[in-house]
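Undergrad: Dropping a prediction and its sequence here:
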Amino acid sequence: MTPGDVRNKGAKAGSPALRIADGIGLVLDRIAVVIAVGSVIAIFLALMAEVIVRYLTQAGLGWPNEVPNLLFPWLIMGGIVIGAHRGAHIAAEAFQALLSAEQLRILLVLIHLLVAVSFAFLAYLSLQVISITKAQVFPMTGLGQAWAYSSLLFGFGGITLASLVNLVRVACCDNPRTLHEPDTEHMT
């Protein structure tokens with residue numbers, strides 16, 4: 001089992017909704033990992049190129065200084081989407097322990113629904129931010145700042161999708177307390 005492979009321990013195996021949710025969740029997780037890791041690598045390589053050129057020639061390239069401004073928001077949003085999908089966020093464990101499995105299921109379904117609706121609205125609002133920032137351009141690369149702000153759309157949309165996937169998982173699993181526990185049967 002890979003870190004992005006969230007299994008539904010105790011879930012109804014034949015549920016088509018669960019299989020679809022798991023597939024969407026896996027694709028979302030992989031995309032977010034590629035975005036986060038790719039951003040780190042690109043930022044590192046660009047800044048390293050700037051350091052090397054500056055050391056060898058006493059002059060900089062210029063454009064590598066804009067790369068963190070463009071890609072750091074993507075790194076952050078990629079990480080947030082990964083955390084939302086994998087359930088790796090702060091949770092009120094003490095409060096959850098006081099609830100029965102069915103009460104916890106209802107609470108988690110409501111929370112995931114509220115998060116999905118809230119972040120879908122934020123994703124919609126991010127479209128306005130993107131349209132406003134289209135005219136603002138980074139001087140060296142010529143790229144619009146809308147590129148960096150597009151990370152908001154990915155992040156908010158990704159959290160919306162992750163919440164809907166987790167809502168289906170919570171609804172289909174036998175015990176919502178074990179939803180994000182590793183399933184040792186599937187580990188390789």
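TA: Looks like it came in fine.
Undergrad: Can you find which helix in this protein contains the most residues?
TA: helix 16-57 (DSSP state H).
Undergrad: Can you point out the buried residues in the helix or strand that comes right after that one?
TA: Next helix or strand after helix 16-57 toward the C-terminus (DSSP states H and E): helix 67-86. Under the neighbour-count criterion of 16 or more other CB atoms under 10 Å, helix 67-86 has 67-68, 70-71, 73-75, 77-82, 84-86 buried. Every residue, glycine included, has its C-beta placed from N, CA and C.
Undergrad: for stretch 118-129, same thing?
TA: By 16+ other CB under 10 Å, the buried positions in stretch 118-129 come out as 119-120, 122-123, 126.
Undergrad: I'd like to know how far the most centrally placed residue in the chain sits from residue 163.
TA: Nearest to the geometric centre of the chain sits residue 81, at 1.1 Å (CA atoms, centre = their mean). Between residue 81 and residue 163 the computed distance is 11 Å (CB to CB, to the nearest Å).
Undergrad: got it, and residue 16?
TA: Separation of residue 16 from residue 163 (CB to CB) stands at 20 Å.
Undergrad: which of those two has more neighbours?
TA: Set residue 16 next to residue 163 and count neighbours by other CB atoms under 10 Å: residue 163 wins out with 21 against 8.
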